[in-house]
Every structure is written in structure tokens, then in C-alpha cells.
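Chemist: pasting the structure only:
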């Protein structure tokens, strides 16, 4: 039997002949099976389990066939060590490969890539000394044909994201006004967020905001534009070689090698270039060192936020304990007065 592009575990099952090997394989499957089974269920010891078999694979083993099912399901996808959502990789890749950045920006803004005449990254630096700092921001800030464009990638919902984006927009917009400049010369400023969590109630994966009059929906100005692309809302199985936006977003969403291969199989040149660039960067020692430092910073940031939250909860608890104590003292005082009466 010849099988191509399968996991080593599946090859073990297919080539299974010896009972001893079967026992070893089933032990692997058992660990996965036990992780997935219901907490209320009881899995009999190895020797007491009924035999199961799979006619398609010609496998016979002393475990329920469910064990092999979980074994296959767990191992059929190879998880990526780094994804396009990894902020250090995100910035390094698109700074080093500006033609890919240009194609991405065109897709996100729904404009022809040929219409972009000039794209300059204003913050290409990635200082190793800054990678270990908590709350380090790895956005890509650009000037695109006179417009200010800021591209953000955000994996976790740390709260107040819309307010953060408004702040980033306001800072970029106001910093573009030179001393003595005229307000009319301020550039259109766009912030694009690719996020890996649900932010809005709408099922749409793309939302764009700009200032409008509440009743008439008349635009106040075209100089503000906020785009949000919610990766978790991407429609399933809608990969199409002609839909470049969906291909880019699917690339960011991808968590496994198989998902990257599926995109690569469409033979879209820019996707092949992006995946090849990804592979080159992820083996680069410089990237790995930056990501190591960044990973420590992420851990420190999470710890700091949790500590602040715990302190806030403790402070709130102490405040209410004080209120309760004051009320109890007041009740006791009133009771004492009533007793004297």
C-alpha cells in the first residue's frame, strides 16, 4: 500500500505487522484517547479492552477503534512553531520583503496593487534591546502615496482594543502636522488591524469605521479610516486563487503546515513568495533570538497584567470589606441606642 503525505503515526498504522509494535502504537493512542474522553467515562485497563479493527488499514489492535481515531486526528496536522501572526515574524518578513507588503496593503484596502506608486516603511527598525520590554509594539507604520497607514497584528484580546486603536490613529494623525502647518494638509490616516479574536457582534470578518453624522450618515471627513479584519470569522473552505484578500487572511489564520500547503497548492505566485519568505525567516538565527526575547516579554506582560488585575480585585475586596465593616458598626451603634431607649 502506498500512501503519500501522511504523518509518521499513520505510516506506523499502515505498516503495522507485529503485535509488540501494535501495543506500542496503542499506548500512544491511549494517551490521546484519555485526553479527549469524557471525564465521567471509565477506560478499562489495556488488557481488558475489547479488540478493534480497521478494515481499510488492515489493523488489529487490543484497543477500541476510537483510540486509533483520536490517534489519527491528533497527528494528522502538524502545528507551526511560528505563524504569520507572530509579531516579530510579521514585522521582519514584511520589512524585508516590501513587494509582499505592497501586495498585502493593496488587498486589505481593496485597491489595485499597481495603483500604489510609493510605499515607505517609517519604522523598519527592530532593536534587540527593545524586544525584551513589556508592551513593546511591533506595528508597521507606512506612508502610502501620501497617506499614513499603520498595520497592526493582535493575537489576544487584552481589552479596550477599539480605544487603543483610536489612540494610535490620533497620535499618527496629529504627528503628521509640521510646526506652522495648515490643518488641511494633514494626510488621510488609516489604521488596519488584523485580529485573532471576535471584536464585534456582526458575523462579517471585515469592518471599516469613519466619522459619520448619526442621522444622515453624512461623512465628516475622509481623513480617518479604521479597518478591522477578524480572522476567526473567516468563512470556511472559501479559498480561491482569484480572491487575494482571502488568501492573505487565511495565511495569517493558518496554524498548521497543512494549511500553508493548501494555500501553496493554489499556485498563486505572491502566496508562494510569502510562504518561501516565511520559511527563510523562521530558520534565521537572528529571528529566533528576537523571538526568544519577545516571548519572554510576552510572558512578563501577561504576568504584569494578571498581577495588576489581582491587585485591583484585592483592592476592591478590601474596599467593600471596609464598607461592610462600617455598616456593621453603624447597625451595632443603632442597636445600642435602641437598647438604651
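Modeler: That came through fine. This structure is a prediction, so every number in the text was calculated from the model and none was measured. Numbering: from 1, shown residues only.

Chemist: what ranges do the strands span in the chain?
Modeler: Ranges of strands within the chain are 52-54, 59-61, 119-121, 140-144, 147-154, 189-195, 206-209, 224-230, based on DSSP state E.

Chemist: deepest of those strands, which one?
Modeler: A comparison of the strands of the chain by mean neighbour count, using mean count of other Cβ atoms under 10 Å, puts strand 189-195 on top with a mean of 23. Just so you know, the C-beta spots here come from the backbone N, C-alpha and C atoms, and that holds for glycine as well.

Chemist: where does the prediction get shaky in the chain?
Modeler: 1-76, 127-136, 298-299, 301-302, 304-305, 308-309, 312-317, 323-325, 327-341 (pLDDT under 70).

Chemist: how's it carved up into domains?
Modeler: 8-75, 87-293 (automatic domain parsing).

Chemist: look at the last one and report the distance between its end residues.
Modeler: So that's domain 87-293. End-to-end span of domain 87-293 (Cα to Cα, to the nearest Å): 12 Å.

Chemist: would you mind giving the domains of the chain as CSV with distance to residue 307 added?
Modeler: Output for the domains of the chain, formatted as CSV (distance: least, Cβ to Cβ, whole Å):
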stretch, distance to residue 307
domain 8-75, 31
domain 87-293, 11
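
Chemist: figure out which of these is closest to residue 81.
Modeler: Closest approach to residue 81 among those is made by domain 87-293 (7.0 Å; Cβ to Cβ).

Chemist: and the residue lying closest to residue 169 once chain neighbours are set aside, how far from residue 124?
Modeler: In space, and not counting its chain neighbours, residue 169 is closest to residue 191: 4.9 Å by Cβ to Cβ, 6 or more residues apart in numbering. From residue 191 across to residue 124, the span is 18 Å (Cβ to Cβ, to the nearest Å).

Chemist: residue 287 now?
Modeler: As judged by Cβ to Cβ, residue 287 and residue 124 stand 15 Å apart.

Chemist: give me the more crowded residue out of the two.
Modeler: Taking neighbours as other Cβ atoms under 10 Å, residue 287 and residue 124 compare with residue 287 leading, 21 against 15.

Chemist: ok, how many other residues are close to residue 282?
Modeler: By the criterion of other Cβ under 10 Å, residue 282 has 18 neighbours.

Chemist: I'd say it and residue 92 touch.
Modeler: No. Using Cβ atoms under 8 Å, residue 282 is not in contact with residue 92; the gap is 9.8 Å.

Chemist: picking that back up, so the residue nearest to residue 169 sits against residue 227, correct?
Modeler: Yes. Assessed by Cβ under 8 Å, residue 191 is found in contact with residue 227 at 7.2 Å.

Chemist: got the contact list for residue 154?
Modeler: 161, 193-197 (Cβ atoms under 8 Å, 6 or more residues apart in numbering).

Chemist: now swap in residue 161 and tell me
Modeler: For residue 161, the contact set (Cβ under 8 Å, 6+ apart) comprises 154, 193, 195, 199.

Chemist: can we see that at 10 Å?
Modeler: Residue 161 is in contact with 152, 154, 193, 195, 197, 199, 228, counting by Cβ atoms under 10 Å, 6 or more residues apart in numbering.

Chemist: with distance to residue 104 added, can I get these in TSV?
Modeler: As requested, these are exported to TSV (distance: Cβ to Cβ, whole Å):
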residue	distance to residue 104
152	13
154	16
193	13
195	15
197	20
199	20
228	16
